[in-house]
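Visitor: Everything below, folded, please.
(2 chains)
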Protein chains: 2
Amino acid sequence: MNDEKLISSTHNPITRIRPDIQSMQAYKVQDASGMVKLDAMENPHRLPAALQAHLGQRLGALALNRYPDGRVNDLRKALADYAQMPDGFDIMLGNGSDELISLLALACDVPASAATDHKPASILSPLPGFVMYAMSAQLQGLQFIGVPLTADFELDEAAMLAAIAEHKPAITYLAYPNNPTANLWDDGTIENIIEAVGQQGGLVVMDEAYQPFASKSYINRIVQHKHVLLMRTLSKFGLAGVRLGYMMGPKALIAEIDKVRPPYNISVLNCECALFALENKDVFVTQAQDLIAQRAMLLDSLGMMPGVKCWKSDANMILVRVADSTKTFEAIKAQGVLVKNVSKMHALLNNCLRLTVGTSAENLQMLAALEKSL
Amino acid sequence: MNDEKLISSTHNPITRIRPDIQSMQAYKVQDASGMVKLDAMENPHRLPAALQAHLGQRLGALALNRYPDGRVNDLRKALADYAQMPDGFDIMLGNGSDELISLLALACDVPASAATDHKPASILSPLPGFVMYAMSAQLQGLQFIGVPLTADFELDEAAMLAAIAEHKPAITYLAYPNNPTANLWDDGTIENIIEAVGQQGGLVVMDEAYQPFASKSYINRIVQHKHVLLMRTLSKFGLAGVRLGYMMGPKALIAEIDKVRPPYNISVLNCECALFALENKDVFVTQAQDLIAQRAMLLDSLGMMPGVKCWKSDANMILVRVADSTKTFEAIKAQGVLVKNVSKMHALLNNCLRLTVGTSAENLQMLAALEKSL
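Guide: Prediction:
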């Protein structure tokens, strides 16, 4: 070994980056230019031109030169009203739910102690589920426990209760409805899981990202518990580009978690845009109603398509199984329609695709492309 | 002890929050309504009305319903051009520098090993300095090493080199210029520190938050090193409300750190607004020139004010020392002018106030209020 090599290896600054991060692949946002984009549960509807102009006037006139101020509390109040947050609860905001999920992992990163049977803090959720729950655990260096759903994508109550008893997770995520399976959970099973988590002092996060399209919410049930948080986002409401997540919970609990939030995490533009959207919530409610109607049309059509199995949905996505998901995905894509191939995410999703509900025209194009691609 | 108390204590979900976070005070943003706001290094200038209208049209017309896409790469390129980033370097974006500082702590949270003499990763910076460096270490559970400046706020080179040799910090922050002392550092001292950090494989972050007002930048010198990152923000440029931080460094190093960035951390509104500002950078450059001229006026006036000691500044703030900072701060505030009392931040800042450079009218009002408050 010569000296030059030795020096260059000693000095390599990349050795200061965590080895597990060095082995991670960088996340690539899929290029979708020119495609009918039905891969990411985006609301396909824009604001009417008149509202775009009004919004623009509001945003252009903001004091961009000043740090975000008390206006963010107006947004907290507007979101609490919109969600019908119960008394005694509080709300915190994140730069998307992504930030809230990261902050939760940070806040709960309690060192191993007698209280946790000398285990480090862990995060539990059913699988398949939203990838950020496991990612937040990995990035914070916490253990992640994934509990497989049943073959028909229901919660495996016995397995969940056993995993909770064994691992005493700090945080248990229940997406309601779930992604990518799009279903709600049995009421009794939810309560049994929440009770079991409460018995060992953990937190449950009900993630209602898809609430605008769901037939049920947990909002009226959270008052019964001191350890349940309810997380939502404006992404599927229609503002995916604006990055606005929110989380409600008992005042004392939110006060602790909110301490790790960067004080200026919501830009004045994102804040004012979210306020504007809530002032015009009827427009977004109408958009959601259209998507719910489109979902019914899609489920009817998919149900009659030979070679396609589909599951009922409480979200703006539909999970389908085909004979060869890779072949079908590529063939749909070749026809200019981008959906999500989730077949490699989990064994239970073998040969599954996730279809986002789009506009009437987009959905018809997608159905036609799918039919030719089976 | 009765059973009810026992159960309620066993079930308290707040025990799952880290004890050090439970003992933290929540950060309160100071209420400044109705005040002349000279406490936070905000650019006091707004965009001209015509530009506000153009910006509004751009923002209102964005596809808010879609997740951020490749447009963010246009912003990365525009910022790299603006900053004259050298070849072989890359740039990553944060939701304000705050997020970049947090992500750096996360990325460098390497467990104790032989490479670091079995010490956990640590973060080092001179003190007094920007509070987020220490905060990021605390939140991530890393050690923070603060090295006092000399009494005249210069780097204590010997103390810095000794601390670097002893602690082998993963990250060494040098704010250039520093906050709240507003000064640049000696060129030779910087290089000696960077060299010493490089010898033990650590990273140096040059934080140029105040670059628009500084007589020097490190941008031309970073090419000489493989372990130096250069961080900036659009906050002091004039977009504090928009939350846009950026960090440049050698491609291979940025690629690793960028892996821990949430993929959609820059909203489409923040992105487009930053692009618009860079397209109209002459407006902001003119604003900075005005503030630099105002700073000279303030330094002249403060220099002639009996009972006030002030230091030269390369930022849009001026550090002053008075006989009784608490009395003076409150008396200025009673006259409707809000500055920052930094006297409790560090022993070296005893009886010091930090004055933000405002508009001509604001500065005259502040000088008059100060003179009556000594």
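Visitor: what's the spacing between A:P44 and chain B?
Guide: Distance check for A:P44 against chain B: by CB to the nearest CB, to the nearest Å, it reads 7 Å. Glycine gets a C-beta too; all of them are placed from N, C-alpha and C.
Visitor: Just to check, that residue is in contact with A:S360?
Guide: No: using CB atoms under 8 Å as the test, A:P44 is too far from A:S360 to be in contact (9.6 Å).
Visitor: For A:A175, give me phi and psi.
Guide: Main-chain torsions, A:A175, degrees, to the nearest 10: phi -80, psi 130.
Visitor: Find the nearest non-adjacent residue to it, please.
Guide: A:D207 (4.4 Å; CB to CB, 6 or more residues apart in numbering or on different chains).
Visitor: Name all residues that make contact with that neighbour.
Guide: Contacts for A:D207 were tallied using CB atoms under 8 Å, 6 or more residues apart in numbering or on different chains; they are A:97, A:130, A:173-176, A:231-232.
Visitor: and those, which of them are in strands?
Guide: A:173-175, A:231-232 (DSSP state E).
Visitor: Out of those, the closest to chain B would be?
Guide: Nearest to chain B among the ones in strands among the contacts of A:D207: A:Y173, at 14.0 Å, using CB to the nearest CB.
Visitor: In contact with the closest one: list those residues for me.
Guide: Per CB under 8 Å, 6+ apart, neighbours of A:Y173: A:123-125, A:129-130, A:133, A:204-205, A:207.
Visitor: now do 7 Å
Guide: Residues in contact with A:Y173 (CB atoms under 7 Å, 6 or more residues apart in numbering or on different chains) are A:125, A:129, A:133, A:205, A:207.
Visitor: where along the stretch 251-374 of chain A do the helices fall?
Guide: Per DSSP state H, counting those that start in this stretch, the stretch 251-374 of chain A carries helices over the ranges A:251-258, A:268-279, A:281-303, A:325-334, A:360-371.
Visitor: Which of these sits closest to chain B?
Guide: helix A:268-279 (3.6 Å).
Visitor: Can the closest one be said to contact chain B?
Guide: Yes: remark: helix A:268-279 sits within contact range of chain B at A:268-270, A:273, by CB under 7 Å from any CB of the partner chain.
Visitor: Most neighbours among those, which one is it?
Guide: A:N270 (31 neighbours; other CB atoms under 10 Å in any protein chain shown).
Visitor: just checking, it touches B:C271?
Guide: No: with contact defined as CB atoms under 7 Å, A:N270 does not count as touching B:C271 (11.2 Å).
Visitor: part of a helix, is A:P126?
Guide: No: counting by DSSP: H, G, I helix; E, B strand; the rest coil, A:P126 is not found in a helix; it is strand.
Visitor: List the contacts of it.
Guide: Counting by CB under 7 Å, 6+ apart, A:P126 has contacts A:147, A:149, A:155, A:160.
Visitor: Same question for A:Y27.
Guide: With CB under 7 Å, 6+ apart, A:Y27 has these contacts: B:P263.
Visitor: one step back: show me the contacts of A:P126 that map onto helices.
Guide: A:M160 (DSSP state H).
Visitor: of the contacts of A:P126, closest to chain B?
Guide: A:M160 (18.3 Å).
Visitor: now the closest one: how far from A:S122?
Guide: 14 Å (CB to CB, to the nearest Å).
Visitor: between these two, who's got more neighbours?
Guide: When A:M160 and A:S122 are compared for neighbours, A:M160 comes out ahead with 24 against 20, by other CB under 10 Å.
Visitor: Assess the claim that the more buried one and A:E195 are in contact.
Guide: No: look at A:M160 against A:E195 with CB under 7 Å: they stay out of range, at 11.5 Å.
Visitor: so who does the residue nearest to A:P177 when sequence neighbours are not counted touch?
Guide: Nearest non-adjacent residue to A:P177, counting by CB to CB, 6+ apart: A:D314, 4.1 Å away. A:D314 is in contact with A:177, A:182-184, A:210, A:213-215, counting by CB under 7 Å, 6+ apart.
Visitor: Report the helix or strand with the lowest average pLDDT across chain A.
Guide: helix A:3-11 (a mean of 43; mean pLDDT, DSSP states H and E).
Visitor: After that helix, which helix or strand is next? Please name it.
Guide: Past helix A:3-11, further along toward the C-terminus, the next helix or strand under DSSP states H and E is helix A:19-22.
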